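J.: any chance you could fold what I've pasted below:
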Amino acid sequence: MLLNNSTAQAQTATNALSLIKDSLNLYLQNSFAGETLSERDKWPEDITRSDFHGRDSQHKDYVLALLSHGVYHNNWNEIQGVERLTKEKVTQLGIDADLLTDDATGFQANICRFKDLYIICFAGSNDLVDFYANVRQGLGYYEPQYFQAVGLTNILFNAVKGNIICTGHSLGGGLASIAALASQSPCITFSPAGLAKNTVKHIGMDYNMAKKIADEGLIRFYLVQYDWLDTLQNTLPIPSSLGNRIKMAYSEHDSWKDWLPHRLLTRSFIAHSMVKIVRMMCKYQPWNNWNALTGDYEEKKGTIITELPTPEEIKATTWQESCKNAIKNGNITEFSQLIKLNEKQADIVFLAKQSVGASNSQFMQLLIESPYGQTIKNIQSMQQKSILHLAAQSGRIAQSQILLKNGSMVNLKDNLGNTPLHDALNSHALAVAELLLVNGADWRMKNNQGYDCRDVLDNHILKLDTLTQEGKMMREKIIGMMN
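T.: Okay, here's the model as predicted:
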């Protein structure tokens, strides 16, 4: 009887979650696919990065909201005169276009351009009910996306002489915040994840100084009433978002049905979505009058933005997907059993990337020791990046140790001429850089732009006066090792 009750409860929970997903999907299907601004609302041609600095809401933030929504999609080239750079144009800047996405960690970004101003846009999770990374980071656990954000921003900052601003949504808002603090660039985010002191410390910055800079106008963020992430950050012992908060009311269509149990949870996820945020920015126009209704807001029905797969589209879980799920769930035992099935056809690069992104380095150790291990240490992606490159740019010291111990080439160059040490220093992953130097990394090797590893550190967006004492000492130690 107890078993039957448990089964019934589990089924009830599954049905409730399904209802929430369906309700959320229905909302998104009946929402705009993209708002159209009038010509007078486009950014002026002479706009500069400093124009975005400030604590208060600004009309120009609306375009950034559209860009933050657009980072989840690849079916557009331009929004209100702001161009989304293709992979070819990103490469022309001297940036490896592969740095824009990482399926293993969930990292995703766009680089956009308006005249000579560059906008780096970070995405959150594509799974609207997956807040795992947000909560983990908030509790002080290490998440590799933050090193990746700093690394990409550092390369872009130096490529375009610092003329950048940052934006992003949810986890992407947290990534934009750390990128902005590292580069001292204006940042406007939407329902952003808060930054844990431990996260800021990991890249060497002083948290109190970072908070002061953010509060003085470097960062501002928008959110909608009832947002689940905002609720958690103000309820659980996890940090709130940095910068000035601009909160908008949720109200759209009042109904007693909104207070049904499943509607309450659905509402919290709708409030967190970029669709809802943009709709409320359009409705309230907080840059004009905080409480004013525009009177000209018109609900639009557009293209489906997010679709849940139909039963016919859901395929049986493959062996490789099972490996990915085992890593995501931290299930060492299951992963160990799966990789013993060595007759399975496997994308080794995929498996290695998943192991690099895992919070537990045991997955990498098991993979190295498996029949697939012999090919891992020297494999390279299409961009000629080795798995050690990926571990270095993600700040994964334990995985880097395992790879080095098992013969990964420490001075291997990718197609841009960067070694793993170049990548570690770009991300300001100084502990990994130290490990690489101890294991024979040649800091004098130059990339295709003619920069050696000392040049990367000397020109880093993270300046010495923003670092903690520990961070300063670590940087001095690395510089000493490269003399």
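
J.: ok, now which ones touch the nearest residue to Ala433 once chain neighbours are set aside?
T.: Nearest-residue entry for Ala433: Ala424, 4.3 Å, with adjacent residues in sequence omitted and distances by Cβ to Cβ, 6 or more residues apart in numbering. Where you see a C-beta, it was placed from the backbone N, CA and C, and this is true even at glycine. For Ala424, the set of contacting residues under the criterion of Cβ atoms under 8 Å, 6 or more residues apart in numbering consists of Ala392, Gln393, Gly395, Leu430, Val432, Ala433, Leu436.

J.: repeat the analysis, applying 7 Å as the threshold.
T.: Residues in contact with Ala424, defined by Cβ atoms under 7 Å, 6 or more residues apart in numbering, are Ala392, Gln393, Val432, Ala433, Leu436.

J.: among those, the buried ones, what's the PyMOL command?
T.: Selection of buried members from these for PyMOL, criterion 16 or more other Cβ atoms under 10 Å:
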select buried, resi 392+393+432+433+436
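
J.: and stretch 98-114, how far from the chain's centre?
T.: Relative to the chain's own centre, stretch 98-114 is displaced by 8 Å; criterion: Cα atoms, centre = their mean, to the nearest Å.

J.: can you give me the end-to-end span of it?
T.: 22 Å (Cα to Cα, to the nearest Å).

J.: isn't there a helix covering Lys120?
T.: Wrong residue type there; residue 120 is Ile, not Lys. No. Secondary structure assignment (DSSP: H, G, I helix; E, B strand; the rest coil) places Ile120 in strand, not in a helix.

J.: residue contacts, it?
T.: With contacts defined as Cβ under 7 Å, 6+ apart, Ile120 is in contact with Ala109, Ile111, Thr153, Leu156, Ile164, Cys166, Ala179.

J.: hey, which strand is longest across this protein?
T.: Looking only at the chain and at elements set by DSSP state E, the strand with the highest residue count is strand 107-114.

J.: what about that strand, average pLDDT?
T.: In this model, strand 107-114 carries a mean pLDDT of 96.

J.: ok, stretch 77-94 next?
T.: Summarised as a single mean, pLDDT over stretch 77-94 is 94.

J.: low-confidence stretches in this protein?
T.: Low-confidence regions of the chain, defined here as pLDDT under 70, cover residues 1-41, 125-142, 237, 252-264, 289-318, 342-346, 377-383.

J.: so where do the strands sit in it?
T.: Shown for the chain, the strands assigned by DSSP E span residues 78-79, 82-84, 101-102, 107-114, 117-122, 164-169, 187-190, 219-224, 244-248.

J.: so which of these is nearest Leu464?
T.: Relative to Leu464, the nearest member of the strands of the chain by Cβ to Cβ is strand 164-169, separated by 20.6 Å.

J.: highest neighbour count among the contacts of Ile120?
T.: Among these, Cys166 has the most neighbours (other Cβ atoms under 10 Å), with 33 neighbours.

J.: hang on, that residue packs against Ile178?
T.: No. Assessed by Cβ atoms under 7 Å, Cys166 is found out of contact with Ile178, at 9.1 Å.

J.: quick one, the longest strand of the chain and strand 164-169 angle?
T.: With axes from the mean of the first three to the mean of the last three Cα atoms, to 10 degrees defining the directions, strand 107-114 sits at 130 degrees from strand 164-169.

J.: mind listing residues that contact strand 107-114?
T.: Contacts of strand 107-114 with the rest of the structure, by Cβ under 7 Å, 6+ apart, involve 43, 67, 71, 81-85, 90, 100-101, 118-123, 145, 148, 152, 156.

J.: report the buried members of those.
T.: Burial of the contacts of strand 107-114 was assessed by neighbour count (16+ other Cβ under 10 Å); the buried members are 43, 67, 71, 82, 84-85, 90, 100, 118-123, 145, 148, 152, 156.

J.: quick one, helices of the stretch 301-450 of the chain?
T.: 319-328, 332-339, 348-357, 362-369, 373-376, 387-393, 397-405, 420-426, 430-438 (DSSP state H, counting those that start in this stretch).

J.: identify the residues contacting the residue lying closest to Pro286 once chain neighbours are set aside.
T.: Once flanking residues are discounted, Pro286 sits nearest to Ser57: 4.2 Å by Cβ to Cβ, 6+ apart. With contact set as Cβ under 7 Å, 6+ apart, Ser57 has these partners: Ile246, Pro286, Trp287.

J.: narrow the residues you listed to just the buried residues.
T.: Of the contacts of Ser57, these count as buried by 16+ other Cβ under 10 Å: Ile246, Pro286.

J.: turn the contacts of Ser57 into a markdown table, including distance to Lys211.
T.: Converted to a markdown table, the contacts of Ser57 look like this (distance: Cβ to Cβ, whole Å):
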| residue | distance to Lys211 |
| --- | --- |
| Ile246 | 18 |
| Pro286 | 23 |
| Trp287 | 25 |
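
J.: of all the contacts of Ser57, which comes closest to Lys477?
T.: Closest approach to Lys477 among these (Cβ to Cβ): Ile246, at 41.4 Å.

J.: wouldn't the closest one be in contact with Tyr222 here?
T.: Yes. The pair formed by Ile246 and Tyr222 meets the contact definition of Cβ under 7 Å, at 4.9 Å.

J.: helices of the stretch 51-200 of the chain, start to end?
T.: Defined through DSSP H, counting those that start in this stretch, the helices belonging to the stretch 51-200 of the chain, from first to last, are 61-70, 87-92, 132-138, 145-159, 171-183, 197-202.

J.: from the chain's centroid, how far away is stretch 113-128?
T.: In terms of Cα atoms, centre = their mean, the gap separating the centre of stretch 113-128 from the centre of its chain is 10 Å.

J.: swap in stretch 231-251?
T.: When distances are taken as Cα atoms, centre = their mean, stretch 231-251 is centred 19 Å away from the chain's centroid.

J.: give me the contacts around that stretch.
T.: Contacts of stretch 231-251 with the rest of the structure, by Cβ under 7 Å, 6+ apart, involve 55, 57, 135, 138-139, 177, 192, 194-196, 210-211, 214-215, 219-226, 268, 271, 280, 284, 286.

J.: do that again at 6 Å, thanks
T.: With contacts defined as Cβ atoms under 6 Å, 6 or more residues apart in numbering, stretch 231-251 is touched by 55, 57, 138-139, 177, 192, 194-196, 211, 214, 219-226, 271, 280, 284, 286.

J.: can you select the buried ones from those in ChimeraX?
T.: What follows is the ChimeraX syntax for the buried subset of the contacts of stretch 231-251, where burial is set by 16+ other Cβ under 10 Å:
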select :57,138,177,192,194,195,196,211,214,219,220,221,222,223,224,226,271,280,284,286
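
J.: returning to that earlier point: and which of the contacts of Ser57 is nearest to Leu403?
T.: Checking those one by one against Leu403 (Cβ to Cβ), the nearest turns out to be Ile246, at 44.3 Å.

J.: out of the helices of the stretch 301-450 of the chain, which comes closest to Glu476?
T.: Glu476 lies closest, by Cβ to Cβ, to one member of those: helix 430-438, at 10.2 Å.

J.: the closest one vs helix 397-405, what angle?
T.: 10 degrees.

J.: much appreciated, bye for now.
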